[in-house]
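Enquirer: Take a look and give me a structure for this.
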Amino acid sequence: MPHSIIVHIANEEPIMAEIDELPGVGDSIIMLKNPRRRDGKDIHYLQANVASMILPINQIAFIEVLSGKDEEKIIGHVRE
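Expert: Numbering: from 1, shown residues only. The predicted structure is shown next:
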């Protein structure tokens, strides 16, 4: 199941993308699909027709994993 993420790259604006699986402890790269700015616009340092990019993990400050609608249905409030 693909995950939507926000990647915070050192000294750059955060970008949104999709990944097939979360990076593991031993991974040195991450493959991002459909990279774009948070507002949906193209990233200035990528060509307009780029569909995927490979980014080294050591360039990433942290990754935010966005929840999907299916996950929100599973996890609910304790008291309803």
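Enquirer: Give me the mean pLDDT for the one helix or strand P35 maps to.
Expert: Using DSSP states H and E, the element containing P35 is strand 29-37. Predicted confidence along strand 29-37 averages 95 (mean pLDDT).
Enquirer: how about the nearest residue to F62 once chain neighbours are set aside, secondary structure?
Expert: Distances taken as C-beta to C-beta, 6 or more residues apart in numbering put H8 closest to F62, at 5.2 Å, once the chain neighbours are dropped. Where you see a C-beta, it was placed from the backbone N, CA and C, and this is true even at glycine. Under DSSP: H, G, I helix; E, B strand; the rest coil, the three-state class of H8 is strand.
Enquirer: do you know how far H8 is from H44?
Expert: When C-beta to C-beta, to the nearest Å is applied, the distance between H8 and H44 equals 17 Å.
Enquirer: for H3, same thing?
Expert: Plainly put, H3 is 25 Å away from H44 if you go by C-beta to C-beta.
Enquirer: Settle it for me: which of these two has more neighbours?
Expert: Just comparing H3 and H44: by other C-beta atoms under 10 Å the higher neighbour count belongs to H3, 15 against 8.
Enquirer: Show me the beta-bridge partners of the more buried one.
Expert: When bridges are called by DSSP bridges, H3 pairs up with I19.
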